[in-house]
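task: produce atomic coordinates for the following.
(one chain, ligands or ions: 1)
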Amino acid sequence: MPDDIRPGTAADDRYEKIDHSPAVSDEIKKTTCYMCACRCGINVHLKDGAIRYIEGNRDHPVNKGVLCAKGSAGIMQHYSPARLSQPLRRVGPRGSGEFEPISWEEALSSAGDWLGEIRNRDPKKLAFFTGRDQSQSLTGFWASQFGTPNHAAHGGFCSVNMAAAGIYTIGGSFWEFGEPDWENTRYFMMFGVAEDHDSNPIKMGLGKLKTAGKAKFVSVNPVRTGYSAIADEWVGIRPGSDGLFVMSLIHELLHDGKVDLEFLVRYTNAHWLVRHAPGTAEDGLFVRDADGNPLAWDRTTGQQADASRTDIDPAMRGSFTMPDGTDAVPAFSLLLDRYSDSRYSPEAVAPQTRIDADTIRRIAGELAHAAFEQEVTLDIPWTDWTGRKHDKMIGRPVAMHAMRGISAHSNGFQTCRAIHVLQMLLGSIDCPGGFRYKPPFPRPAPPGPKPAGKPGQVAPGTPMAGPPLGFVTAPEDLLVDDDGKALRIDKAYSWDAPIAAHGMMHTVIRNAWAGDPYPIDVLFMFMANMSWNSSMNTTETIRMLTDTDLETSEYKIPKIIYSDAFQSEMVAYADLILPDTTYLERWDCISILDRPISDADGPADAIRQPVIVPDRDVRPFQDVLIELGVRLGLPAFVTEDGSAKFPGGYPDYLANHERTPGVGPLAGWRGENQDSHGKGAPNPNQLDRYIENGAFWKGKFTPSQRYFKHSNREYLDHAAEMGWIPNADPIVLQLYSEPMQRFKLAGQGFGDVVPPEPYRARITETFDPLPIWYAPFEDSHSDPAAYPIHALTQRPMAMYHSWGSQNAWLRQIHGWNKLYMNRKTAEGQGLADGDKVRVESPYGSTGAILALMEGCNTDTVWTWNAIGKKKGAWNLSKEAPESNKGFLLNHLITDLLPPRDGHRFANTDPVTGQAAWFDLRVRVIKDDNVELGDGQSTAVPRAPGVEKAKTKSRFGARFLPLGNWRRSRGGDDT
Ligand code: SF4
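Have a look, this model is predicted:
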């Protein structure tokens with residue numbers, strides 16, 4: 001405004017007034033973000049009854065005020081034009097998207113009738129699977145109460161290799177059950193991580209490393225995006241070869257004698273004796289005394305002795321004759337023999353990994369230097385489990401982290417186990433500067449319970465005796481019948497995938513369609529976009545969802561119930577839609593019973609509270625589940641007279657449900673006096689206490705509990721008292737995995753429970769007590785000459801799964817996806833930036849626009865995940881770039897491997913059943929005429945109650961002062 005215009009005059013009125021400190025809100029409510037899996041604390045600013053602004057909660061243990069693009073764009077998620085607004089019943093053929101609105105009473109009564117009939121007849125005929133569900137402590141419990149073993153969430157196609165390998169090896173895992181010691185590490189190695197898991201904590205951690213400037217950050221990833229872009233060294237490895245690289249590092253460390261033997265003896269089973277009796281049922285198992293205690297060879301006495309004794313000098317090498325005449329060797333000796341072999345030398349693995357031998361050798365040297373020459377000492381006295389006092393905490397400051405890039409291969413379990421073995425050899429587990437456990441971990445490796453669902457455990461009208469998911473340790477624990485046939489619809493815990501600790505959601509639709517191992521009656525899913533970006537072989541999956549029986553004309557999957565907040569692609573393929581709320585309209589619980597938000601210095605959990613009242617006829621899925629529990633008479637949800645046990649719905653359940661006496665979904669402010677944490681009687685005012693505290697509870701360990709938790713007397717006693725572990729025994733790290741050997745022996749035909757013939761070779765080859773490497777299965781199925789390129793997806797920082805593509809703000813960052821390729825590789829093929837190309841695998845093809853870059857492995861192409869959309873879904877216009885230029889690699893990925901010994905296995909890791917998304921091989925061909933947008937021609941109609949999306953977004957305009965509001969008109973205000 002010019003200086004000569006006086007305030008309050010007519011001339012002054014022509015100029016806009018700028019308030020430099022406007023009050024942005026009438027009210028602030030604290031809750032938990034759900035725009036990705038991190039669960040950051042947020043402050044939601046409300047103005048005039050609408051959400052004005054979202055900021056990070058500075059007091060929150062996860063993000064300490066940091067908010068990412070996704071988190072702040074939660075406003076557009078909440079006001080998304082794709083929101084469903086009422087229950088729907090399908091009236092047209094599946095896939096047509098034709099629905100009629102129905103009342104909640106009609107919807108619940110239909111669902112209750114369908115479910116009630118099968119519960120009373122054969123509860124396993126219900127397959128209940130949830131996607132990005134953050135309420136798994138409720139959904140898993142509900143499945144047990146219903147009585148079906150057929151339940152899991154999306155972990156089987158996400159990261160079960162990473163989780164299971166960690167839990168079976170060190171009793172914890174990367175991400176949710178562990179984290180790097182960002183404060184003290186000197187060398188941080190990250191394998192195959194994209195940006196949407198543990199997003200803010202990793203960013204904050206990397207920020208700490210960079211600020212302190214004391215640590216080297218090495219990123220091992222075929223693609224240099226996201227975190228890799230700021231790494232001090234990027235190792236552009238060939239996909240699926242990480243295990244070989246890690247084993248070569250181990251080879252070098254062993255060669256140079258850079259191994260922490262003291263750590264191995266104190267904390268692992270490296271010195272336990274392994275029976276050497278080839279051709280017998282005992283071969284490869286630990287030698288134990290009459291009480292079952294594992295034995296070591298004491299060099300002082302020249303005799304075997306209890307391996308847990310601290311007064312022995314255990315042998316780590318050699319062969320020893322046991323009193324029964326058999327031979328035994330320490331587990332470490334077997335490890336030494338295996339990885340000293342020249343096939344793991346840097347020169348031998350360089351061609352496979354595309355990492356030159358000098359680099360491997362140098363990195364091994366750097367790891368050893370950081371671990372053994374840069375020890376970190378904290379002046380914190382502590383006591384180990386034996387009662388030995390230590391006046392300091394001394395750590396080897398090498399930290400590691402791994403995620404999807406390791407997990408999503410058919411060799412991912414063994415590769416992830418190899419990373420943990422490398423950590424053990426360096427002595428960098430839960431020490432200053434190393435990998436650190438987050439409570440309630442560490443737990444015994446593996447912990448209980450076993451999965452329920454064995455013959456006799458599934459009966460009409462009866463809950464199962466235990467949870468549907470758990471940890472098997474021997475063939476006897478599998479869920480198979482006498483003929484070795486799977487008992488679960490997804491074939492988890494069968495010979496197809498014995499250690500499928502997260503279930504196998506990705507196999508359910510095919511198996512249900514095929515009636516293999518049996519037909520089901522109802523498929524009930526929540527938040528799982530299985531007809532599009534969450535399935536392999538998407539085109540075929542859609543066919544299965546719509547396929548009918550030739551004789552009866554009934555759908556092969558008879559009934560599908562689906563709950564989602566948005567009109568995702570899956571909606572069109574369901575028969576009954578139960579519309580969910582957005583995450584800002586409901587109660588929720590980030591529970592220690594499930595996947596809490598603890599950090600290494602203390603336990604934590606959190607809630608979501610409704611910050612805004614729904615303006616549509618929608619209900620929180622968790623409330624609906626509890627209501628169905630009442631209608632079905634599930635014992636945990638009804639009183640003796642059959643009335644609702646939690647009449648207040650999910651918040652009532654959160655405060656008052658006890659899983660075991662004194663233990664409920666939330667750990668904070670329990671007990672009559674509201675001052676117990678962990679265990680205590682239910683507190684009806686518990687949620688109020690959480691709200692007062694910013695929607696979370698955080699405990700804090702004493703300094704002497706902070707490290708060496710697997711062996712720390714004070715920590716173990718505390719963990720047992722809190723109910724996190726069954727007793728205060730030390731957690732022994734499993735360098736050598738006996739459960740793996742038990743399955744291998746079964747594959748060789750030993751034991752009471754052995755696999756049927758078609759499974760034997762695969763079990764014998766892929767189960768091993770020490771990590772092994774084998775090429776991703778696809779490498780031997782697709783002709784490498786015909787399909788020379790590996791194809792991957794990466795998660796963009798700004799999107800989480802398919803959710804982002806309806807978000808008006810985030811769509812502006814990623815409206816469609818290109819295919820990225822190494823520049824030299826492309827130019828060698830005569831391809832140029834911007835070319836239209838056909839991407840072909842043996843199973844399908846799609847069109848894409850090519851983009852060239854240097855930061856990509858020469859044998860790899862990649863694209864952003866889940867940007868491509870089905871035309872019309874998510875209430876996107878028919879012209880939306882997501883469905884006209886965007887594409888999915890899912891169409892190119894097979895869900896079944898070629899036949900082997902007469903059996904077709906799913907395209908998964910053979911140990912855990914993890915979907916092998918990243919095994920894909922393709923060829924890329926220039927094609928000016930290729931159709932983009934996955935060749936889609938027809939569009940799904942909008943569901944009833946979903947209004948036409950506005951063409952412009954002017955969300956903020958509604959909050960402007962009236963004068964500015966008028967001036968800003970010209971677009972829509974949502
Ligand atoms: S990292 Fe995830 S949970 Fe945290 S603010 Fe971003 S989207 Fe939300």
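
for the ligand, give me its nearest residue in this structure.
Closest approach between the chain and the ligand, counting by CB to the nearest ligand atom: residue 71, at 2.5 Å. Every residue, glycine included, has its C-beta placed from N, CA and C.

didn't that residue look like it was pressed against residue 56?
Yes - using CB atoms under 8 Å, residue 71 is in contact with residue 56, at 7.0 Å.

which neighbours do the two share?
Here residue 71 and residue 56 have 40, 42 as joint contacts, going by CB atoms under 8 Å, 6 or more residues apart in numbering.

so residue 55 sits in a strand?
Yes - secondary structure of residue 55 (DSSP: H, G, I helix; E, B strand; the rest coil): part of a strand.

tally of neighbours for it?
16 (other CB atoms under 10 Å).

contacts only, for residue 214.
residue 186.

also the one 5 residues further on?
Residue 219 makes contact with 189, 190, 193, 227, 228, 231, 233, 234, 235, according to CB under 8 Å, 6+ apart.

hey, what's it bridged with?
Under DSSP bridges, the beta-bridge partners of residue 219 are residue 190, residue 234.

how far away is it from residue 191?
Residue 219 is 8 Å from residue 191, where distance means CB to CB, to the nearest Å.

the spatially closest residue to the residue of the chain closest to the ligand that is not a sequence neighbour: neighbouring residues, count only.
Using CB to CB, 6 or more residues apart in numbering and skipping the chain neighbours, the partner closest in space to residue 71 is residue 33 (4.7 Å). Neighbour count for residue 33, taken as other CB under 10 Å: 28.

what sits up against the strand ranked longest in the chain?
In the chain, taking DSSP state E as the definition, the longest strand is strand 844-853. Contacts of strand 844-853 with the rest of the structure, by CB under 8 Å, 6+ apart, involve 537, 539, 817-823, 826-827, 831-839, 863, 885, 887-889, 891-892, 924, 927, 930-935.

quick one: strands adjacent to it?
If you go by DSSP bridges, strand 844-853 pairs up with strand 819-822 (parallel), strand 836-841 (antiparallel).

burial-wise, tell me which of the ones you listed comes out on top.
Sort those by mean neighbour count, taking mean count of other CB atoms under 10 Å, and strand 819-822 sits at the top with a mean of 24.

quick check, residue 476 in contact with residue 752.
Yes - with contacts counted by CB under 8 Å, residue 476 reaches residue 752, the gap being 6.9 Å.

so which of the two has more stuff around it?
residue 476 (13 against 9).

pLDDT score for the nearest residue to the more buried one once chain neighbours are set aside?
The shortest distance from residue 476 to any non-neighbouring residue, by CB to CB, 6+ apart, is to residue 753 (5.3 Å). On pLDDT, residue 753 comes in at 97.

same check on residue 176?
83.

give me the phi and psi angles of the nearest residue to it once chain neighbours are set aside.
Spatial nearest neighbour of residue 176, excluding adjacent residues (CB to CB, 6+ apart): residue 595 at 5.1 Å. Main-chain dihedrals, residue 595, degrees, to the nearest 10: phi -130, psi 80.

beyond the host helix or strand of residue 418, next helix or strand please.
Here residue 418 sits within helix 412-426, counting by DSSP states H and E. Next in sequence after helix 412-426, counting helices and strands by DSSP H and E, comes strand 435-437.

could I get the helix or strand just after that next one in PDB with only the CA atoms?
Following strand 435-437 in sequence order, the next helix or strand is helix 508-514 (DSSP H and E). C-alpha atoms of helix 508-514 as PDB (Å, rounded to 0.1, in the frame of the first residue of the first chain):
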ATOM      1  CA  VAL A 508      -7.000 -65.600  -1.100                       C
ATOM      2  CA  ILE A 509      -8.900 -64.600  -4.200                       C
ATOM      3  CA  ARG A 510      -7.200 -67.200  -6.400                       C
ATOM      4  CA  ASN A 511      -7.600 -70.000  -3.800                       C
ATOM      5  CA  ALA A 512     -11.200 -69.000  -3.100                       C
ATOM      6  CA  TRP A 513     -12.000 -68.900  -6.800                       C
ATOM      7  CA  ALA A 514     -10.400 -72.300  -7.400                       C
END
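
which neighbouring elements make contact with helix 508-514?
strand 126-130, strand 522-526, helix 538-546 (3 or more CB pairs under 8 Å, 6 or more residues apart in numbering; DSSP states H and E).

buried stuff in it?
The neighbour-count check on helix 508-514 (16 or more other CB atoms under 10 Å) flags 508, 509, 510, 511, 512, 513 as buried.

quick revisit: can I get the strands paired with strand 844-853 in CSV with distance to the ligand and mean pLDDT?
As requested, the strands paired with strand 844-853 are exported to CSV (distance: least, CB to the nearest ligand atom, whole Å; pLDDT from 0 to 100):
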stretch, distance to the ligand, mean pLDDT
strand 819-822, 24, 98
strand 836-841, 30, 98
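
I am finished for the moment; much appreciated.
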